[in-house]
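Engineer: Sequence unavailable; structure follows:
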């Protein structure tokens, strides 16, 4: 039986999540698929519509 609102993440417990966040902040490159797609899409749109 699960307790509502309580979950466990092995990645978070080991520290992988924090490491990925630090790398993303330092490099400016997102580590999530959605974030990377947004960054690439924005760069493409900028190159097309730049004045």
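Structural biologist: Everything's here; your move. All figures in this text were calculated on a predicted structure; none of them were measured in a lab.
Engineer: For the rest of this, base every contact and every neighbour count on C-alpha atoms.
Structural biologist: Noted.
Engineer: and stretch 15-32, how far from the chain's centre?
Structural biologist: Using CA atoms, centre = their mean, to the nearest Å, the mean C-alpha position of stretch 15-32 is found 7 Å from that of the whole chain.
Engineer: Just the pLDDT at residue 31, thanks.
Structural biologist: Looking at residue 31, its pLDDT is 88.
Engineer: Hmm, residue 24 and it touching each other?
Structural biologist: Yes. Residue 31 lies in contact with residue 24 (CA atoms under 8 Å); the separation is 6.2 Å.
Engineer: any idea which helix or strand comes after the helix or strand bottoming out on mean pLDDT in the chain?
Structural biologist: Lowest by mean pLDDT, DSSP states H and E among the helices and strands of the chain is helix 10-14, with a mean of 88. The first helix or strand that comes after helix 10-14 along the chain, using DSSP states H and E, is helix 16-27.
Engineer: No more questions from me, cheers.
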